[in-house]
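**Student:** next input, structure requested:
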Amino acid sequence: MYLSVKKVKPLNDYKLLLTFGDGEERVFDVSPYLSMGKFSELRDISMFNSVAVRFDTIEWANHLDMDPEFLYEKSVGIEQVKV
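**Tutor:** Numbers count the residues shown, from 1 in each chain. The predicted model follows:
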C-alpha cells in the first residue's frame, strides 16, 4: 500500500495530527526526536508549527521532512490519544 499524507495539523506537546490518503487520522509524537540533529530546530514552536504537506509527506520551513511510511509506523490511531 502506498502511504501519503494529505493533511497535517500541529498539536500541543510536539505532536502532529496526520491525515493519510485513505482518510485515516493518526497522531505522531515528534518529541523523542527533538535532541537529534536538525530536529532540535523544531524545539522553536514557530518552526514546529511551520509544518505543511509537501509531496505526499510533511516538511518544515527548515526543509526537514519525514518519510510517510515512518510517520505511519510510529504514529498511533487518533482513538488512542486525547487531541
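**Student:** mind listing the strands for this structure?
**Tutor:** 5-11, 15-20, 25-29, 52-54, 57-59, 65-66, 76-77 (DSSP state E).
**Student:** the first one to strand 15-20, inter-axis angle?
**Tutor:** To tie it back to what came earlier, the one meant is strand 5-11. With axes from the mean of the first three to the mean of the last three C-alpha atoms, to 10 degrees as the basis, strand 5-11 and strand 15-20 are set at 160 degrees to each other.
**Student:** list of residues touching strand 5-11?
**Tutor:** 16-21, 27, 48-49, 51-53, 56-58, 68, 71, 83 (C-beta atoms under 8 Å, 6 or more residues apart in numbering). The C-beta positions use only the backbone N, C-alpha and C, and glycine is treated the same way.
**Student:** kindly report the same for the third one.
**Tutor:** By C-beta under 8 Å, 6+ apart, the surrounding residues in contact with strand 25-29 are 11, 13-20, 71-72, 74-78, 80-81, 83.
**Student:** of the residues you listed, buried ones?
**Tutor:** Tyr14, Lys15, Leu16, Leu17, Leu18, Thr19, Phe20, Leu71, Tyr72, Ser75 (16 or more other C-beta atoms under 10 Å).
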